[in-house]
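Q: Coordinates only, no sequence provided:
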């Protein structure tokens, strides 16, 4: 296969992936938002770890605050997907080893990490908002493999982006000496 044919194949696959990631980044917060905003108040209170609030009337500002907090992980993940779509657009344009590509890879990893961290903290934070309507409440944070794995993956991707960026700078410096 010729180098030009390879570039065309990479451009086609990268363009398709960029479009798919943009679509996912739009669908993810819409689906999560619909699920959260349509959730019955009792289920919201139970999921946030404040079952005592389920029997109390929930003021609209409290409900909206809890909903927005629960939506934050999806918004951060959607931002990560949009960043990754931008990286694939760079690949489609042939900018494989450019500093902006490595920065985009690290930005993707950072947003993915923050989205995973927000996923851990969203329910307890929503619970804090719901404490306003509960007579008594407690706060708990649950961390497990489904929470830690995306954070470790994001850290690995960030380090990969950093290493590739450093390697590209070293290569550019070495070319100046030849």
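A: In hand now; what should we look at? Not measured: the values here are computed from a predicted model.

Q: what about the closest residue to residue 100 other than its chain neighbours, which helix or strand?
A: Here the nearest residue to residue 100 in space, its sequence neighbours aside, is residue 90; by C-beta to C-beta, 6 or more residues apart in numbering that works out to 6.6 Å. From N, CA and C alone the C-beta is placed, and that goes for glycine too. Under the criterion DSSP states H and E, the helix or strand holding residue 90 is helix 60-92.

Q: centre of the chain versus whichever helix or strand comes after that helix, how much separation?
A: Heading C-terminal from helix 60-92, the first helix or strand you meet, by DSSP H and E, is helix 99-130. What separates the centre of helix 99-130 from the centre of its chain is 5 Å, taken as C-alpha atoms, centre = their mean, to the nearest Å.

Q: Quick check: residue 34 vs residue 27, distance?
A: Computed with C-beta to C-beta, to the nearest Å, the distance linking residue 34 and residue 27 is 10 Å.

Q: where does this structure have low pLDDT?
A: Low-confidence segments of the chain (pLDDT under 70): 52-55, 132-139, 178.

Q: spatially speaking, which residue is in the middle of this structure?
A: Centroid-nearest residue in the chain, with C-alpha atoms, centre = their mean: residue 77, separated by 1.8 Å.

Q: tally of neighbours for the nearest residue to it once chain neighbours are set aside?
A: Residue nearest to residue 77 in three dimensions, not counting chain neighbours: residue 115, with 4.0 Å by C-beta to C-beta, 6+ apart. Residue 115 is flanked by 24 other residues according to other C-beta atoms under 10 Å.

Q: Also residue 146?
A: 11.

Q: what do you get for residue 149?
A: By the other C-beta under 10 Å criterion, the neighbourhood of residue 149 contains 11 residues.

Q: From here on, call the first residue 54.
A: Done: numbering now begins at 54, and the last item shifts to residue 202.

Q: what sits against it?
A: The contact partners of residue 202, by C-beta atoms under 8 Å, 6 or more residues apart in numbering, come to none.

Q: Just give me how far the top helix by length along the chain sits from the chain centre.
A: Ranked by number of residues, the top helix in the chain under DSSP state H is helix 56-90. The chain centre lies 14 Å from the centre of helix 56-90; the measure is C-alpha atoms, centre = their mean.

Q: buried sites along it?
A: Across helix 56-90, burial judged by 16 or more other C-beta atoms under 10 Å covers 64, 67, 70-71, 74-75, 77-78, 81-82, 85-86, 89.

Q: try stretch 87-100
A: Buried residues in stretch 87-100, defined by neighbour count with 16+ other C-beta under 10 Å: 89, 92, 94, 97-98, 100.

Q: Straight-line length of it, end to end?
A: The straight-line separation of the ends of stretch 87-100 (C-alpha to C-alpha, to the nearest Å) is 16 Å.
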